[in-house]
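> Give me the fold of what follows.
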Amino acid sequence: MPPRTWHHLVGTYDGRAMRLYVDGRPAIQRLTSGSISIGVSPLSLGAETADGSVRASLRGELADVAWIVFDEIHYI
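Sure thing, here's the model as predicted:
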């Protein structure tokens, strides 16, 4: 992705595949199965963490973050 440009990212999971869309176009798909488990670690957006320490972080901004669980929309 070119730097200094806005992009719309969406991730989905339907119980069979995880998909990432960039600007409305499919970018990557990974076949998998199972339910999404709720962990005890805090949610990290824009950072890769391991054992509570940040290993890599986003050099940019996040805006208009939301997630949908079934038919409920949640905003940060």
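
> show me the contacts for Trp6.
Residues in contact with Trp6 (C-beta atoms under 8 Å, 6 or more residues apart in numbering) are Ala63. For glycine as for every other residue, the C-beta is placed from the backbone atoms N, C-alpha and C.

> so it, which of the three states?
coil (DSSP: H, G, I helix; E, B strand; the rest coil).

> what does the model give the most centrally placed residue in the chain for pLDDT?
Central residue check for the chain by C-alpha atoms, centre = their mean: the C-alpha nearest the mean position is that of Gly11, 5.5 Å away. On pLDDT, Gly11 comes in at 88.

> Hmm, it is touching Pro26, no?
No - in this structure, Gly11 is not within contact of Pro26 by C-beta atoms under 8 Å, at 11.4 Å.

> which neighbours do those two share?
Counting by C-beta under 8 Å, 6+ apart, the common neighbours of Gly11 and Pro26 are 19-20.

> where does the chain dip in pLDDT?
1, 41-43, 49-50, 52, 70-74, 76 (pLDDT under 70).
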